[in-house]
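Asks: Provided below for reference: sequence and predicted model.
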Protein chains: 2
Amino acid sequence: MADQSQGASTRQRDESRRQERAGRILDAAAGLILRWGYSKTTIDDIARQAGVAKGTIYLHWKTREDLFGALLRREKLGLADDIRQRIADDPAGSALRGALKHSALALMKRPLLKAVLLRDLDVIGKLAHGERNSAAQLERLTGFKTYLEFLRDCNLVRTDLSLRSQEYVVSAIFMGFFLAAPLIPEEFTLSDDEIADLMAETVHRTLEPDRAVPADELQNASHAFLRYLNHATKTAESSFSEM
Amino acid sequence: MADQSQGASTRQRDESRRQERAGRILDAAAGLILRWGYSKTTIDDIARQAGVAKGTIYLHWKTREDLFGALLRREKLGLADDIRQRIADDPAGSALRGALKHSALALMKRPLLKAVLLRDLDVIGKLAHGERNSAAQLERLTGFKTYLEFLRDCNLVRTDLSLRSQEYVVSAIFMGFFLAAPLIPEEFTLSDDEIADLMAETVHRTLEPDRAVPADELQNASHAFLRYLNHATKTAESSFSEM
DNA sequence: CTATGACCAAATAGTCTTAATCAGTCATTT
DNA sequence: AAATGACTGATTAAGACTATTTGGTCATAG
C-alpha cells in the first residue's frame, strides 16, 4: 500500500498549517512581551492572544523558555534576512560602513532584539541575562573577526591598526550610536536614518581607507559579510542564547 | 574690643580642620558606596569608617541626601580639575579629540562618576535616578553646544555637518567607547589608555578637518574648552543633580 | 490523531505581624 | 562651644501563613 491513510500532500499541508500556527503563537508572544515585558507575559496570555488552547503551545515547545528561545531565534533569523535584503538592494554600500548601516537600520526595526542589545531589562527581564559572556556571543564576535580579517586582507579597512583595536572600535561605534539615542535628552536625538548614516560615516572615516574601491572588491566584501551573516545565522539556529 | 575670645588664626585653623574632617567623611562615604552600593551604605557605617560620631556628620550636612550630593559635587569638581590638569600638561592635544581623550581618561579614574555615567544601578541605586533629563544635564549639553559652535567658527571641526548631528556623534562616540568595555567579553577589551586613544582618533577622523592646526588656534580651542569646563563646574557647584 | 481546557503541584503574590534598621535629634560629656 | 552616642519614630526587612497565579500534564472531546 502507498500511504497509510493520508496522502503526502495532506501531510505536507498539515505541516505547513502547523508552522503557520507556530508563527501565530510567536507573533502573539512577541506582541505581549513588548507590551507587558517578559516576566509578565504568561503562557495563558499567549494562548488566548494566539487563539489556541494552552496545551497546543506545548505541542510546539516543551517549556516556556523554549518558546521564548524560538522567538528570539526567529527574530535573529529575520534580522539576518532583513540585512541580506538591504545589502542586496544596495550593493554599492556593502563595505564595512554599509554592513554596519544596514545592520543598524534592520536592528532598529526589531524592537525585541533592540531591547536585548540595549539590555532593556524591563522588556526582556532575565531572559537574556546571566549569559553576558556566553559562548554564542563569543562565537559571534570571533565570526565578525574573520570578516574583519578578510576586509583587512583586501585593503578595505585600514591595516595600520591592530585587529583587536579595530574590533573594539567597531563595537564601540555601533553600540554608542545605538545607546546614545535613549540616554540623550529628547530634543537632541535624531531619526533612525540620520543615526544610521552618521554611524556609517563614522565607521567609514575611522576605519576605511579613502581610496575609491572598485566594484569587484565591493562584491568580495559583500560576499564576506554574507558569509559572516550565514555563520551567525547557523549558530543562532542551533542555540538558544542571546545575541 | 578685637576678638571675643579666640584669635582670627584660631578660627581659621578650626575651619580648616572642619573642612579636612568633611573630606574624611566624604572619603569614607565614597569608599563604602563603591564597596556596598548606595542603598546599603548607612550613615552609621560612614561615621564608623570616618572615625567620627554620627551626630558629627549632621554638623556638616542636614540630611543623608545632602551628604551624597556633596560627594557627587566634590567628585565632579575633582574631575574638572583633573581634566584641566591633563589639558594643561598636553597643550598640543587640546582640540576636540584631546578634550574627549582627557575627559575620558580622567573619568575612568573616578569610579563613582563612571558608575553614574554608566548608570550602574547596583552602585548608585536611585541616587542619580529619575533625573535622566534633568535641567542640569540639559544645561551641560547646551554648554557643550556653545563649545562646539566655537570650534566650528574656528574651523577646528567640520562645518559640513549640522551642529545637531555633530553633537550626537560626539555623544555617541564618547558613550560608545565607554559602554563597550563592560559589555564586551573580557578577552576583547583594551586598557583605559588604548580606549581613550582610539576614542580620540575616532573623533579626530570623524569630526576634525585634517589640515594642520596652528598653535594659536589650539590655544583658542583650549580656552574654549576650559570655558565650557568652568561653566559646567559652576552649575555643578550650585546643583545636586547627576552628571 | 489532534486539540482542548480542567486539573495539579509549584511557585509567586499578597497579608498580616513582629523584629530590626536607620535617619535624624538632643541631652550629656568633653 | 564642639562632639558624642543613646534614644526615637518611622521605615523597612523577616517571617509565617494564605490566596492567587502559572507552567506544565493528561484524560477527554472532536
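Replies: Nice, thanks for sending it over.
Asks: so what's the closest residue in space to A:Asp27 that isn't next to it in sequence up against?
Replies: Of all residues beyond its chain neighbours, the one nearest A:Asp27 is A:Ala50 (7.3 Å), with distances taken as CB to CB, 6 or more residues apart in numbering or on different chains. No exception for glycine: its C-beta is placed from N, CA and C like everyone else's. Listed by CB atoms under 8 Å, 6 or more residues apart in numbering or on different chains, the contact partners of A:Ala50 are A:21, A:24-25, A:27-29, A:57.
Asks: please redo it, this time with the cut-off set to 10 Å
Replies: Contacts for A:Ala50 (CB atoms under 10 Å, 6 or more residues apart in numbering or on different chains) come out as A:21-29, A:31-32, A:56-57.
Asks: Now, the residues you listed that are in strands?
Replies: Assigned to strands by DSSP state E, none of the contacts of A:Ala50 qualify.
Asks: In those, find the pair that's most separated.
Replies: A:Gly31 and A:Thr56 (17.6 Å; CB to CB).
Asks: Tell me where the model's unsure across chain A.
Replies: Within chain A, the ranges that satisfy pLDDT under 70 run A:1-15, A:119-138, A:237-243.
Asks: And the residue of chain A that's closest to DNA strand C?
Replies: Chain A approaches DNA strand C most closely through A:Gly55 (1.9 Å), counting by CB to the nearest atom of the strand.
Asks: could you measure that residue against DNA strand D, distance?
Replies: Using CB to the nearest atom of the strand, to the nearest Å, A:Gly55 is found at 3 Å from DNA strand D.
Asks: so which strand or helix has the closest residue to A:Phe150 other than its chain neighbours?
Replies: Nearest residue to A:Phe150, sequence neighbours excluded (CB to CB, 6+ apart): A:Ala224, at 4.4 Å. Here A:Ala224, judged by DSSP states H and E, is contained in helix A:215-238.
Asks: CA atoms only for that helix, dumped as PDB, please.
Replies: Taking C-alpha atoms only, helix A:215-238 is exported to PDB below (Å, rounded to 0.1, in the frame of the first residue of the first chain):
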ATOM      1  CA  ALA A 215      33.200  47.400  -7.800                       C
ATOM      2  CA  ASP A 216      34.600  43.900  -7.800                       C
ATOM      3  CA  GLU A 217      36.200  44.400  -4.400                       C
ATOM      4  CA  LEU A 218      32.900  45.600  -3.000                       C
ATOM      5  CA  GLN A 219      31.500  42.400  -4.300                       C
ATOM      6  CA  ASN A 220      34.100  40.500  -2.300                       C
ATOM      7  CA  ALA A 221      33.300  42.500   0.800                       C
ATOM      8  CA  SER A 222      29.700  41.900   0.300                       C
ATOM      9  CA  HIS A 223      30.200  38.200   0.000                       C
ATOM     10  CA  ALA A 224      32.400  38.100   3.100                       C
ATOM     11  CA  PHE A 225      29.800  39.900   5.100                       C
ATOM     12  CA  LEU A 226      27.100  37.500   3.800                       C
ATOM     13  CA  ARG A 227      29.400  34.600   4.900                       C
ATOM     14  CA  TYR A 228      29.600  36.200   8.300                       C
ATOM     15  CA  LEU A 229      25.800  36.500   8.400                       C
ATOM     16  CA  ASN A 230      25.400  32.900   7.400                       C
ATOM     17  CA  HIS A 231      27.800  31.800  10.100                       C
ATOM     18  CA  ALA A 232      26.000  33.900  12.700                       C
ATOM     19  CA  THR A 233      22.700  32.500  11.400                       C
ATOM     20  CA  LYS A 234      23.900  29.000  11.800                       C
ATOM     21  CA  THR A 235      24.900  29.400  15.400                       C
ATOM     22  CA  ALA A 236      21.600  31.200  16.000                       C
ATOM     23  CA  GLU A 237      19.800  28.200  14.600                       C
ATOM     24  CA  SER A 238      21.400  25.800  17.000                       C
END
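Asks: what comes up buried for it?
Replies: For helix A:215-238, the neighbour count (16 or more other CB atoms under 10 Å in any protein chain shown) marks A:218, A:220-222, A:224-226, A:228-229, A:231-233, A:235-236 as buried.
Asks: so which of the residues you listed comes closest to DNA strand D?
Replies: When the buried residues of helix A:215-238 are compared for distance to DNA strand D (CB to the nearest atom of the strand), A:Ala236 wins out at 21.6 Å.
Asks: Let me know the distance separating that closest one from chain B.
Replies: If you measure A:Ala236 against chain B using CB to the nearest CB, to the nearest Å, the figure is 17 Å.
Asks: How about the residue in chain A that chain B sits nearest to: what's its closest non-neighbour residue?
Replies: Across chain A, no residue is closer to chain B than A:Gly176, which sits at 1.8 Å (CB to the nearest CB). Using CB to CB, 6+ apart and skipping residues adjacent in sequence, the residue nearest A:Gly176 is B:Gly176, 1.8 Å away.
Asks: Which strand or helix spans the one you found?
Replies: Element membership for B:Gly176, per DSSP H and E: helix B:163-183.
Asks: Give me the angle between the very next helix or strand once past that helix and helix A:192-207.
Replies: Remark: after helix B:163-183, the chain's next helix or strand is helix B:192-207, criterion DSSP H and E. If you take axes from the mean of the first three to the mean of the last three CA atoms, to 10 degrees, helix B:192-207 sits at 110 degrees to helix A:192-207.
Asks: Just want the angle from helix B:192-207 to helix B:163-183.
Replies: Using the same axes, to 10 degrees: helix B:192-207 against helix B:163-183 is 160 degrees.
Asks: Following the chain onward from the helix of greatest length in chain A, which element is next?
Replies: Ranked by residue count under DSSP state H, the longest helix found in chain A is helix A:8-36. Next helix or strand after helix A:8-36 toward the C-terminus (DSSP H and E): helix A:43-50.
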